[in-house]
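**Q** Sharing a model that was predicted from the sequence below.
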Amino acid sequence: DAGITQSPRHKVTETGTPVTLRCHQTENHRYMYWYRQDPGHGLRLIHYSYGVKDTDKGEVSDGYSVSRSKTEDFLLTLESATSSQTSVYFCAISSGGAEDTQYFGPGTRLTVL
Amino acid sequence: AQSVSQHNHHVILSEAASLELGCNYSYGGTVNLFWYVQYPGQHLQLLLKYFSGDPLVKGIKGFEAEFIKSKFSFNLRKPSVQWSDTAEYFCAVNAPNSGYALNFGKGTSLLVTP
């Protein structure tokens, strides 16, 4: 398995609180991605990064921000969590390019009450 | 915009039955196609991928998929399923204009009964 860890693995929080999820890789891959997985929707892209300090929005970016200050870390922040952000969040990495495989982390299950 | 459709949302098969999961995509240009599997409680793992060349692609655990360009399809097959194949299966296309992020279908949940 690719060296990807996510923290925390589980979190329960209340509406309106800020939450930060961390993705850490040891593969030195250029690209990192945040997806959310919801029943009936598959996985949807939130944000991605193509290098340190280089990020862009995905399909469902509203309510989320990201930061990447080091190659190995990609942070996802919910500035003010809402119940609609209850989901499982997956980080993925790839070295870049159309033919490269994306490797997924173990996921973070977030519940917003 | 790209989209990926998986026709079967829930499939139940007996062990040793043959499997075919449908996947269609809409995209006019060159596509790179993937099938991922997610076993219960685990992260996604790559089963197989197609970029070019032989349209019949073989992956891990006895899975294969056939790319049919004229039908915009990339169906997943396995001749004989096992109980351990119980999982959710996702078809995906990557998007060059989104850092090659994956555009996923909604998934097919497969239950294999003994």
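**A** Structure received.
**Q** So for the nearest residue to A:S95 once chain neighbours are set aside, what pLDDT did the model give?
**A** Spatial nearest neighbour of A:S95, chain neighbours left out: A:H29 (4.9 Å); criterion: C-beta to C-beta, 6 or more residues apart in numbering or on different chains. Any C-beta I mention is one placed from the backbone N, CA and C, and that applies to glycine too. What the model reports as pLDDT for A:H29 is 94.
**Q** For the residue nearest the centre of chain A, which non-adjacent residue is closest in space?
**A** In chain A, the centroid-proximal residue (C-alpha atoms, centre = their mean) is A:W34; its distance is 2.8 Å. Nearest residue to A:W34 in three dimensions, chain neighbours excluded: A:I46, at 4.4 Å (C-beta to C-beta, 6+ apart).
**Q** can you pull the contacts of that neighbour?
**A** Contacts for A:I46 (C-beta atoms under 8 Å, 6 or more residues apart in numbering or on different chains) come out as A:34-36, A:58-61, A:64, A:66, A:76, A:89.
**Q** and if you look at B:N24?
**A** B:N24 neighbours (C-beta under 8 Å, 6+ apart): B:4-5, B:7, B:71-74.
**Q** Where does the prediction get shaky in the chain?
**A** Because you didn't say which chain, this covers chain A. A:1-2 (pLDDT under 70).
**Q** You answered for a different chain; I wanted chain B.
**A** Low-confidence segments of chain B, defined by pLDDT under 70: B:1, B:95-96.
**Q** Enumerate the residues of chain B near chain A.
**A** B:30, B:32, B:34, B:36, B:42-46, B:49, B:51, B:90, B:94, B:96, B:98-107 (C-beta under 8 Å from any C-beta of the partner chain).
**Q** filter those residues to the buried ones?
**A** B:32, B:34, B:36, B:43-44, B:46, B:49, B:90, B:94, B:98-107 (16 or more other C-beta atoms under 10 Å in any protein chain shown).
**Q** May I ask you to name the longest strand in chain A?
**A** Counting by DSSP state E, the longest strand found in chain A is strand A:42-51.
**Q** tell me which residues of that one are tucked away?
**A** Residues A:42-50 are the ones in strand A:42-51 that count as buried (16+ other C-beta under 10 Å).
**Q** and A:S84, that's in a helix?
**A** Yes. According to DSSP: H, G, I helix; E, B strand; the rest coil, A:S84 belongs to a helix.
**Q** how near is it to A:V112?
**A** A:S84 sits 8 Å away from A:V112, taking C-beta to C-beta, to the nearest Å as the criterion.
**Q** Check B:G28 too.
**A** Counting by C-beta to C-beta - B:G28 and A:V112 are separated by 39 Å.
**Q** More neighbours: the two, which one.
**A** A:V112 (19 against 7; other C-beta atoms under 10 Å in any protein chain shown).
**Q** what residues are up against the more buried one?
**A** Counting by C-beta under 8 Å, 6+ apart, A:V112 touches A:13-15, A:19, A:81-86.
**Q** please redo it, this time with the cut-off set to 7 Å
**A** By C-beta atoms under 7 Å, 6 or more residues apart in numbering or on different chains, A:V112 lies in contact with A:13, A:15, A:81-83, A:85-86.
**Q** in chain A, which spans are strands?
**A** Remark: strands assigned in chain A by DSSP E are A:4-7, A:10-13, A:19-25, A:31-38, A:42-51, A:54-57, A:64-70, A:73-78, A:87-94, A:103-104, A:108-112.
**Q** Output the third one as CSV - backbone C-alpha positions only.
**A** Once side chains and other backbone atoms are set aside, the C-alpha atoms of strand A:19-25 remain, and they are given as CSV (Å, rounded to 0.1, in the frame of the first residue of the first chain):
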residue,chain,number,x,y,z
VAL,A,19,-12.7,21.0,11.7
THR,A,20,-9.4,20.2,10.1
LEU,A,21,-8.6,16.9,8.5
ARG,A,22,-5.0,15.9,7.7
CYS,A,23,-3.6,13.8,4.9
HIS,A,24,0.1,12.8,5.1
GLN,A,25,2.1,11.0,2.4
